[in-house]
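Undergrad: Build me a model from this:
(one chain, ligands or ions: 1)
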Amino acid sequence: MLVRVHNAAMFDPSLCTEEEIARFVAAFYAKVRKDERLGPVFDAHVDDWDHHLAKLTDFWSSMLRGTRRYAGTPMARHAALPDLDETLFARWLELFGQTAHEQDNAAMATRAETLARRIAQSLWLGYQMQHHPDRLARDLPCA
Ligand code: HEM
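TA: Here you go, the predicted structure:
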């Protein structure tokens, strides 16, 4: 029997435009850079903000529209950052959620927020594997 796996709902080019994604990403990182706790982490690791924003726009374009423009290794990048913890992930998600709610395209915002929560959870679990191998992994309280 032929089983057809219908996958269109996950990547949906009609969900949003590239301009909407670029605006969302720019608005989010503008908040991140001003944040008391997250700002310094990004200042220490991002030299070229235009490059970072272009990369993250590619990332979200791949996640939301399935364009496959991003080919990176986020798990390894985040594992290399010192001192990440649940409260930082929670703050990241809080700012992401705030930015999402400010977007005109509500369908894009909802999808992006759900994906962000799942990816944050998975990055945090991977992070603990690397940095805290001797304790049981903790979930993100907010994800
Ligand atoms: C505590 C929360 C987080 C912090 C402090 C953080 C910080 C950073 C920093 C400093 C970089 C630049 C690393 C470098 O270029 O060496 C980065 C890259 C990136 N972050 Fe995060 N991040 C967080 C959560 C997330 C989440 C939840 C996502 C996805 C939903 C995400 C997606 C990415 C991506 C795609 C990159 C680019 C990786 C690459 O170079 O290919 N981050 N992040």
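Undergrad: Can you give me the pLDDT of the residue lying closest to residue 46 once chain neighbours are set aside?
TA: Among residues not flanking residue 46 along the chain, residue 52 sits closest, at 4.8 Å (Cβ to Cβ, 6 or more residues apart in numbering). In this view, the C-beta of every residue, glycine as well, is placed from N, C-alpha and C. pLDDT for residue 52: 98.
Undergrad: so residue 52 touches residue 43, yeah?
TA: No - at 11.5 Å, residue 52 and residue 43 do not qualify as touching, with contact defined as Cβ atoms under 8 Å.
Undergrad: out of these two, which sits in the busier spot?
TA: residue 52 (15 against 10; other Cβ atoms under 10 Å).
Undergrad: For the residue nearest the centre of the chain, give its distance to residue 53.
TA: The centroid of the chain falls nearest to residue 116 when counting by Cα atoms, centre = their mean (4.7 Å). For residue 116, the distance to residue 53 (Cβ to Cβ, to the nearest Å) stands at 16 Å.
Undergrad: What residues of the longest helix belonging to the chain count as buried?
TA: Longest helix in the chain by number of residues (criterion: DSSP state H): helix 106-131. By 16 or more other Cβ atoms under 10 Å, the buried positions in helix 106-131 come out as 108-109, 111-113, 116-117, 120-121, 123-124, 126-128.
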